[in-house]
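K.L.:
Structure here, sequence nowhere to be found:
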């Protein structure tokens, strides 16, 4: 198993954790915000689970599949994080289509809400582009 395949499996775990945040008692506040920072709904949970399943399949299947996951997933999540900073909403859950833009904001709350997408997306793109652990 290559490094990219192992990283894909780690993404499976991370994304399943993200999908479970709403269902762990004490992690959401009275307003339904996870950690008091961001709201997750059934669409977000479904996207996290679908992405997690994609990561799992790619990690098990092959290095090539894991690399493709890293690049495509990474670009999608990285872009979603950038949109989050500039609009307050992402595009993966269609939030930019269903909500008026809140405009650019680099407050602590917006940073904490978007850094996970920027970090996961950025690491994935970098790992896929570098082709880390390539068997060739």
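P.N.:
Everything's here; your move. If you're wondering where the values come from, they're calculated on a predicted model, not measured in any experiment. Numbering: from 1, shown residues only.

K.L.:
Could you list the low-pLDDT ranges of the chain?
P.N.:
For the chain, the stretches with pLDDT under 70 are 32-33, 36-38, 136.

K.L.:
longest helix anywhere in it?
P.N.:
Looking across the chain with DSSP state H, the single longest helix is helix 63-87.

K.L.:
any idea which helix or strand carries the residue nearest to residue 68 when sequence neighbours are not counted?
P.N.:
Closest residue in space to residue 68, ignoring its immediate chain neighbours: residue 58 at 6.8 Å, by CB to CB, 6 or more residues apart in numbering. Placement of C-beta: from N, CA and C, glycine included. Residue 58 is part of helix 42-61 when elements are defined by DSSP states H and E.

K.L.:
surely residue 73 meets residue 11?
P.N.:
Yes: between residue 73 and residue 11 a contact is recorded at 7.3 Å, counting by CB atoms under 8 Å.

K.L.:
what's the overlap in contacts for these two?
P.N.:
51, 55, 124 (CB atoms under 8 Å, 6 or more residues apart in numbering).

K.L.:
for the host helix or strand of the last one, the distance to its chain's centre please.
P.N.:
Taking DSSP H and E as the criterion, residue 124 maps to helix 108-130. Its chain's average C-alpha position is 8 Å from that of helix 108-130, according to CA atoms, centre = their mean, to the nearest Å.
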